[in-house]
Structures are given as C-alpha cells and as structure tokens.
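Chemist: here is my input; please provide its structure:
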Amino acid sequence: MSDAAESLNQPNLGLRVYDVSLIPAEPDPAMLHRPGWHLWTSLRNLWARREIVYTLAERDIRANYKEATLGIAWAVLTPLATLIVMVLIFKRIKTFQVGDVPYALFAYLGILPWQYFASSLSSGANALLANKALLAKVHFPRECFPLAQLLEAALNTLLACSVLVVLFVLNHFTPHIESLWVPLFVLVEFAFTAGVVLGACALLVHVRDLVQVLPVVVSLGLFATPVIWPFSRLPFHVQVVYSFFNPLGPVIDNIRRTVLLGLSPAWGLLGIATVGALCYLIGGYALFKRLEADVADIA
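Modeler: Now for the predicted structure:
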C-alpha cells in the first residue's frame, strides 16, 4: 500500500476509504420529495393564515387606487360605462327583448356577476407573477395571493351595487322578496371563480403564453355568457350542458328570475351549476397545489 493510501487510513485524519461499487446509482426513493396534495391539510393551513389574504387584499386595494385621481370611484364607473354601452347598442335589438323588465336593470344584473368573475380572473391569474419577489422570502400558502384578488374584486362589486340601487329608484322598480336567494347564487359563483382563478394562476407561471390568451378569453366570454342576452334563449338541453361547463349562466339567470320576476330559482339548472362549480374548485385547487412546488424558481 502506498504512503498516500496509508495516510488516508490514519484514524486521526477522520477519513475512510470505501468501495465505490457500493454507492447506489440512484438515491433511496424514500429520500425523494414528491409534492403531495391533501385537501383538509391545505384548507387548515389556509384558514390558519387567513389574515394574510385580508392583508394582501388591503394592500392591493390601496395600491390600485392610491394614485388614481378618481380613486375607488373607478369600481363604480367601470360597470356603469359597460351598462351605458349595452343599453345604447342592444336595447332595441329584438333578440335581447326582456318583456316588461327595464333593460338597464336586466343588463346590470348580468354585468355585476360577470364583472366580478372577469376582474378576479384578470388579476388573480397574474397574482404569483406579480408577487414573485415575495415568493422566495416568506413562507405561507401560495394560494393566498390569488384569493386576495378575489376579495378585492368582491369589494369592487359591492361598491358597484350602489348603481343598482339608483337604477331601481329611477325605474320605480322594487326587488321581489325572492331576492333573498341571491347569497346562494353568490356562493356558487365564488366557488366557480376561485377554481378557475387558482388553476389559471398555476398554469400561467408554467405557460407564459396564457398572459396573451386570457384577455381574449375574457373579452369573448362576455358574449358567450348571458350578460346581454336572456339565458332562456337557449334550448333546454343546451342549458343543461351549458350549466355544468359555465355555472355563470344559471347564476345570472337565477338572479334575474328572483330579483326582477319574483320567481323561484330554477333548482335543476342551479344544481348542475353547483356540481360544475365544485368540480372547477376542487380541480383548480388540486392543480394549483400540484404545480406550486417550483413556482418560486420558475416565476
């Protein structure tokens, strides 16, 4: 044995020579990190840090309106401008006639849910990219970022409801008692919106082309959703399929049925929309948790 080998075997040096053939070609599978998704564990962690969602939402609201001349008034002016355009263009088109119901009320009750969804998707899908500086510095559930955008959109929608009150007064129209069902419809829309936003947020980090695609989808979605046209124009079998893939259709239709017409909710279509919304929520959340492991490195 050479002097170099003998020196390596000296106990005072703390070095030992091993047979390299004993080193495995691959690491022990138990040592590999496999990103998992456990629904209840994720929900408990999210609930424990819910104040972070509120803080992020407050920060974004202040940042968006701090330097604007009209400030938070833009939350009202944006849907109001959309309403004015719709009334001027579509009010006289026979396909969009809604009977004795004032078209301004009919349209605005469609604009409010759509505005919430579109605003949540536009800002929520970019939430991780917009906050990439924080991703590697702090540790908390990453879904807090897109969910904060949902809260911000909810506040803007709530402020925009003030225009609805004015429209009721100007049209001498009183909402029906069946309007008490509206919070149920809001829950269905929130589940649908949260699922879509979470899924889009995770995908956008990995597929940057979605940054260009999303504005197009939102623009076309306005016409594909019964915002300016009655949901009843579709054949019933089409309504059934549509309700699952786009729960906003039954949500908007039921808001109009209860508030403007005083009818009971269309429970069948609403049930299908609820199932669809839950599928979007679970699928979107699962996709988000699956892809979030390397978000900080990619973003």
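Chemist: which stretch of helix or strand covers residue 188?
Modeler: Taking DSSP states H and E as the criterion, residue 188 maps to helix 182-206.
Chemist: what mean pLDDT does the helix or strand just after that helix get?
Modeler: Once the chain leaves helix 182-206, the next helix or strand it forms, by DSSP H and E, is helix 210-224. Across helix 210-224, pLDDT averages out at 89.
Chemist: returning to that earlier point: check which helices and strands the helix holding residue 188 sits against.
Modeler: For helix 182-206, the packing partners by 3 or more CB pairs under 8 Å, 6 or more residues apart in numbering; DSSP states H and E come out as helix 103-124, helix 127-130, helix 144-170, helix 210-224, helix 248-256, helix 267-291, helix 295-298. Heads up, the C-betas are built off the backbone N, CA and C, glycines and all.
Chemist: got the angle for it vs helix 210-224?
Modeler: Interaxial angle of helix 182-206 relative to helix 210-224 (axes from the mean of the first three to the mean of the last three CA atoms, to 10 degrees): 150 degrees.
Chemist: for helix 182-206, buried residues please.
Modeler: 182, 185-186, 188-205 (16 or more other CB atoms under 10 Å).
Chemist: any idea how far the spatially most central residue of the chain lies from residue 89?
Modeler: What sits nearest the mean C-alpha location of the chain, by CA atoms, centre = their mean, is residue 197, with 3.0 Å. Noted for residue 197: a distance of 29 Å to residue 89, by CB to CB, to the nearest Å.
Chemist: just residue 119 next, same as before
Modeler: Per CB to CB, residue 119 is found 22 Å from residue 89.
Chemist: the more surrounded of the two?
Modeler: Neighbour count, other CB atoms under 10 Å: between residue 119 and residue 89, residue 119 has more, with 22 against 11.
Chemist: residues touching the residue nearest to that one when sequence neighbours are not counted, list them.
Modeler: Spatial nearest neighbour of residue 119, excluding adjacent residues (CB to CB, 6 or more residues apart in numbering): residue 153 at 4.2 Å. Contacts here follow CB atoms under 8 Å, 6 or more residues apart in numbering; on that basis residue 153 touches 115, 116, 119, 120, 123, 124.
Chemist: burial count for the nearest residue to residue 224 once chain neighbours are set aside?
Modeler: Spatial nearest neighbour of residue 224, chain neighbours left out: residue 246 (7.4 Å); criterion: CB to CB, 6+ apart. By other CB under 10 Å, 21 other residues sit near residue 246.
Chemist: how about residue 231?
Modeler: Other residues lying near residue 231 total 23 when counted by other CB under 10 Å.
Chemist: now for the residue nearest to it when sequence neighbours are not counted: which residues touch it?
Modeler: Residue nearest to residue 231 in three dimensions, not counting chain neighbours: residue 253, with 3.8 Å by CB to CB, 6+ apart. Listed by CB under 8 Å, 6+ apart, the contact partners of residue 253 are 226, 230, 231, 232, 266, 269.
Chemist: and what of residue 115?
Modeler: Per CB under 8 Å, 6+ apart, neighbours of residue 115: 78, 79, 82, 153, 156, 157, 160.
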